[in-house]
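Engineer: Coordinates only, no sequence provided:
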């Protein structure tokens with residue numbers, strides 16, 4: 001059974017039709033929209049600051065969402081996929097974003113809409129990732145603009161697939 005706990009009297013809140021894996025952990029000041037999923041061994045830790053997630057957000061296996069005490073919040077838009085073992089920490093992720101497997105997005109970074117953060121990339125503190133771009137590397141740098149086909153073929157496809165996958169477990 002998933003670990004869902006209040007912190008200092010504040011409990012996580014869930015939208016409609018969400019899937020929480022049996023060994024996921026969600027604690028504290030977390031508010032997620034509808035059709036979200038938090039997968040196996042993922043941690044969404046709203047203990048030191050708030051975490052806000054829009055609709056159709058999937059937090060894949062082993063990913064961690066956290067923030068910094070009294071400094072940064074984690075704000076995640078709609079239609080966002082956070083890949084396996086990624087870390088999203090005290091940053092803002094706009095709509096229609098793919099955070100690749102094993103990547104790290106640090107405090108006060110902003111990932112604008114229709115953007116892909118490549119697997120293994122490290123988005124340093126305070127970095128602003130331009131809309132409709134792909135960022136890769138350590139530290140992450142813009143490597144190219146993104147096409148409309150890539151937005152629908154990757155970002156939308158993955159987010160929609162995770163809604164389908166979560167249905168297998170409900």
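Structural biologist: Yep, that arrived. The shown structure was predicted, so the numbers you read here are calculated from the model rather than taken from an experiment.

Engineer: gap between residue 19 and residue 170?
Structural biologist: 6 Å (CB to CB, to the nearest Å). C-beta: built from backbone N, CA, C; applies to glycine.

Engineer: Counting neighbours, go ahead and name the busier of these two.
Structural biologist: residue 19 (21 against 8; other CB atoms under 10 Å).

Engineer: Not counting its neighbours along the chain, what's nearest that one?
Structural biologist: Of all residues beyond its chain neighbours, the one nearest residue 19 is residue 166 (3.5 Å), with distances taken as CB to CB, 6 or more residues apart in numbering.

Engineer: Tell me the buried residues in the host helix or strand of that neighbour?
Structural biologist: Using DSSP states H and E, residue 166 falls within helix 157-167. Within helix 157-167, the residues that qualify as buried are 158-160, 162-163, 166, counting by 16 or more other CB atoms under 10 Å.

Engineer: Can you get me a residue count around residue 52?
Structural biologist: A count of nearby residues for residue 52, using other CB under 10 Å, gives 17.

Engineer: no no, residue 42
Structural biologist: 26.

Engineer: Residue 58 is in contact with that one, correct?
Structural biologist: No: using CB atoms under 8 Å as the test, residue 42 is too far from residue 58 to be in contact (9.3 Å).

Engineer: Look up how far residue 59 lies from the nearest residue to residue 136 once chain neighbours are set aside.
Structural biologist: Closest residue to residue 136 apart from its sequence neighbours, by CB to CB, 6+ apart: residue 118 at 3.6 Å. Computed as CB to CB, the residue 118 to residue 59 distance reads 18 Å.

Engineer: Pick out whichever of the two has more residues nearby.
Structural biologist: More neighbours surround residue 59 than the other of residue 118 and residue 59, with 31 against 18 (other CB under 10 Å).

Engineer: What residues are bridge-paired with the more buried one?
Structural biologist: Legend: beta-bridge partners of residue 59 under DSSP bridges are residue 38, residue 82.

Engineer: residue contacts, it?
Structural biologist: Taking CB atoms under 8 Å, 6 or more residues apart in numbering, we find residue 59 in contact with 24, 36-39, 42, 44, 65, 82.

Engineer: what's the closest of those to residue 152?
Structural biologist: Of all those, residue 82 has the smallest distance to residue 152: 19.2 Å, by CB to CB.

Engineer: Quick check, the closest one in contact with residue 57.
Structural biologist: Yes: Residue 82 is within contact range of residue 57, at 7.3 Å (criterion: CB under 8 Å).
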